[in-house]
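**Student:** Attaching a predicted model along with its sequence, questions to come.
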Amino acid sequence: MMNNLFSIFDPSTNLFNLSINWISTFLGLIFIPYSFWLIPNRHYYLWNFILMKLHNEFKTLLKNNYFQGSTFIFISLFSFILFNNFLGLFPYIFTSTSHLTLSLSISLPLWLSFMLYGWINNYNHMFSHMIPQGTPIILMPFMVLIETISNIIRPGTLAVRLTANMIAGHLLMTLLSSTGNNMATYMISLLIMIQILLLILESAVAVIQSYVIAILSTLYSSEVN
């Protein structure tokens, strides 16, 4: 009997008592190298078009902080999360991005590196960022406290946003599919149509969430310099 509704997302496959579900995290890397060995096709041109659009957008967001190659980390972050989000939509493939273990492992070191770089090299700018321009003197201590708290919870909000959005859609699809056994025949066709619509919605969410994480990480990095 299922003790917890969310236990359906727990890693369950094991080999020699080692959980192999997390191997699905690296399956996205399989789709990348073949484009370098084959004649350029539609898939290659489409992916190259997306990467160039992202590069130009990240370059604009970084503004004066841009240097050659600085957008690669954010493009890689977008690609990694996008592949894992999409792979989680396939049956019997473990969705690693629906766990805080992975999302926090991505957001926390990224945010920590930005903070260390900013406070070590540009501490005057970091202090001035604590108090927005035009803040009354009496409100300055409160603004420092609010800005500090909002800065500290950034990696948590990045991780929870990704995890919650990926779990919500998967959980809804799982709950709907579990009711199919008790439905009439004419209702099953309606259920299938709803599941297809939810799958399309989840595909859009997979793209949007990877884009949001990459954009927010770019904005956080542009604030430390």
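**Tutor:** Okay, I see it.

**Student:** for Met166, what are its contacts?
**Tutor:** 85, 88, 95, 97-98, 205-206, 209 (CB atoms under 8 Å, 6 or more residues apart in numbering). Where you see a C-beta, it was placed from the backbone N, CA and C, and this is true even at glycine.

**Student:** how about 7 Å then?
**Tutor:** Contact analysis of Met166 by CB atoms under 7 Å, 6 or more residues apart in numbering lists 85, 88, 95, 97-98, 209.

**Student:** would you turn these into JSON lines with distance to Ile131 and pLDDT?
**Tutor:** What follows is these, written out as JSON lines (distance: CB to CB, whole Å; pLDDT from 0 to 100):
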{"residue": "Asn85", "distance to Ile131": "38", "pLDDT": "89"}
{"residue": "Gly88", "distance to Ile131": "42", "pLDDT": "83"}
{"residue": "Thr95", "distance to Ile131": "41", "pLDDT": "82"}
{"residue": "Thr97", "distance to Ile131": "36", "pLDDT": "85"}
{"residue": "Ser98", "distance to Ile131": "38", "pLDDT": "84"}
{"residue": "Gln209", "distance to Ile131": "32", "pLDDT": "91"}
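
**Student:** any chance of these in CSV, with neighbour count and secondary structure too?
**Tutor:** As requested, the contacts of Met166 are exported to CSV (neighbours: other CB atoms under 10 Å; DSSP: H, G, I helix; E, B strand; the rest coil):
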residue, neighbour count, secondary structure
Asn85, 25, helix
Gly88, 20, coil
Thr95, 24, coil
Thr97, 28, helix
Ser98, 24, helix
Gln209, 21, helix
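
**Student:** Tabulate those (a markdown table), appending distance to Met183.
**Tutor:** Formatted as a markdown table, those follow (distance: CB to CB, whole Å):
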| residue | distance to Met183 |
| --- | --- |
| Asn85 | 29 |
| Gly88 | 26 |
| Thr95 | 26 |
| Thr97 | 31 |
| Ser98 | 27 |
| Gln209 | 31 |
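
**Student:** Would you mind checking which of these is nearest to Met143?
**Tutor:** Gln209 (30.6 Å; CB to CB).

**Student:** shaky segments in the chain?
**Tutor:** 1-20, 31-39, 64-67, 225 (pLDDT under 70).

**Student:** which stretches of it form strands?
**Tutor:** For the chain, the strands defined by DSSP state E cover 14-15, 18-19.

**Student:** all helices for the chain, in order.
**Tutor:** In the chain, the helices defined using DSSP state H lie at 42-62, 72-87, 100-121, 123-129, 140-152, 154-178, 185-222.

**Student:** Can you tell me which of the ones you listed is packed in deepest?
**Tutor:** Mean neighbours per residue, mean count of other CB atoms under 10 Å, is largest over the helices of the chain for helix 72-87, with a mean of 20.

**Student:** by how many degrees do that helix and helix 42-62 diverge?
**Tutor:** 130 degrees (axes from the mean of the first three to the mean of the last three CA atoms, to 10 degrees).

**Student:** and Ser105, how far is that from Glu147?
**Tutor:** 26 Å (CB to CB, to the nearest Å).

**Student:** actually Ser221, sorry about that
**Tutor:** 17 Å.

**Student:** same question, Tyr117
**Tutor:** Distance from Tyr117 to Glu147, by CB to CB: 18 Å.

**Student:** Repeat that for Tyr186.
**Tutor:** Using CB to CB, we find Tyr186 at a distance of 57 Å from Glu147.
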